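Q: Turn this into a model:
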Amino acid sequence: MSFEKIASRQNPRVLRLVKLRERAARVAEGVFLLEGLRELERAVLSGIEIREFYFCPELIRNPLAEKVFALAKKTLPAAAIAELSRPAFEKVSYREKPEGVLAVAKMRSHRLENLRVPAGTPPLFLVAESIEKPGNLGALLRTADSAGCTALICCGDAGTDIYNPNAIRASQGTLFSVPLAVASNEAAFAWLKAQGATIFATSPAAKKVYWDCDFRVPAAILMGTEATGLTDFWLGKCADAGIVPVSIPQAGLADSLNVSMAATICLFEAVRQRNS
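A: Numbering: from 1, shown residues only. As a prediction, the model looks like this:
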């Protein structure tokens, strides 16, 4: 099997790949960039559809790359695979130390109504409102994965970009294994209530401390945006909609934690309670 060899950084295929760093271009095509051996392997194992594959022999040093490359050759036509020169690959790559393999993959649908809640164990949802930083989104996915969350629900008006390359990298590929939905605040609230979940809204002003909450029930833990926390949509409902405001005590000068750290603290308290 022979592949196209692309040397120029100005080649149309290279320029298109660079364009796919932008959200609008990804949405328009319904695809995203997938770089890194671990991420590629986990995406394939999770059933992500790979559309195109690009490689640079000069940058490939990990034996896993040969496994990923063999899979690409087995599943894709030759026209969908191309060899890039090192300058061309480095122009496309968004990593300081690229591993020499990159793919274009099809986006999945992340509609709330497609989430499946397993029967038996009370569900545990992590809900993130208006998370804007891709690194924080990736870290939340890793936390949700580690804690065995039923799902991560992204809501709010910020338009969280779940296929941002840095979010994929920060998630270490858990984007492809953690059940994930994107919805408006209104839709998320209605869906969680329909699931019978008690909603816990994190807020520095809350009087109830997270370790005094009963997370053994069907539960949804809400985390707000990095700068301002949860909006009034959630906090304004605490008095009459059964939402429980909770805080993480702060002993020093800082009045808040990084959102992924706060999620980790609350989720693993829920794990502790459920395993005790």
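
Q: Just give me the longest helix of the protein.
A: helix 259-275 (DSSP state H).

Q: mind listing what's buried in that helix?
A: The neighbour-count check on helix 259-275 (16 or more other CB atoms under 10 Å) flags 259, 260, 262, 263, 264, 266, 267, 269, 270, 271 as buried. No exception for glycine: its C-beta is placed from N, CA and C like everyone else's.

Q: TSV please, covering the residues you listed and showing distance to residue 168 and pLDDT.
A: What follows is these, written out as TSV (distance: CB to CB, whole Å; pLDDT from 0 to 100):
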residue	distance to residue 168	pLDDT
259	18	92
260	15	92
262	22	94
263	19	96
264	20	97
266	24	97
267	21	97
269	28	97
270	26	97
271	25	97
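
Q: between the residues you listed, which is closest to residue 41?
A: If you rank these by distance to residue 41 using CB to CB, residue 260 comes first, at 23.5 Å.

Q: What segments of this protein are strands?
A: Along the chain, counting by DSSP state E, strands occupy 4-6, 31-35, 50-55, 81-84, 101-106, 124-129, 151-155, 180-182, 198-202, 219-223, 244-246.

Q: Chain neighbours aside, what residue packs nearest to residue 225?
A: Excluding the flanking residues, the one nearest residue 225 by CB to CB, 6 or more residues apart in numbering is residue 130, at 4.2 Å.

Q: do the same with residue 234
A: Spatial nearest neighbour of residue 234, excluding adjacent residues (CB to CB, 6+ apart): residue 201 at 4.9 Å.

Q: hmm, back to that, how about the contacts made by the residue nearest to residue 225?
A: By CB atoms under 8 Å, 6 or more residues apart in numbering, residue 130 lies in contact with 155, 156, 157, 158, 160, 224, 225, 231.

Q: Please apply the same query to residue 207.
A: With CB under 8 Å, 6+ apart, residue 207 has these contacts: 245, 247.

Q: what about it, distance to residue 238?
A: Residue 207 sits 11 Å away from residue 238, going by CB to CB, to the nearest Å.

Q: Quick check: neighbours shared by the two?
A: residue 245.

Q: How many residues are close by residue 76?
A: Look at residue 76: counted by other CB atoms under 10 Å, it has 16 neighbours.

Q: what does the one 4 residues further on give?
A: For residue 80, the neighbour count with other CB under 10 Å is 17.

Q: That one: what's its closest spatial neighbour, skipping adjacent residues?
A: Nearest to residue 80 is residue 52, by CB to CB, 6+ apart, at 4.9 Å.

Q: Show me what the residue nearest to residue 234 bridges to in the sheet.
A: Taking DSSP bridges as the rule, residue 201 bridges to residue 222, residue 245.

Q: right, and it touches residue 247 too?
A: No. Contact criterion CB atoms under 8 Å: residue 201 and residue 247 do not qualify, at 10.0 Å.

Q: higher neighbour count, these two?
A: Each of residue 201 and residue 247 has its neighbours counted (other CB under 10 Å); residue 201 has more, 23 against 15.
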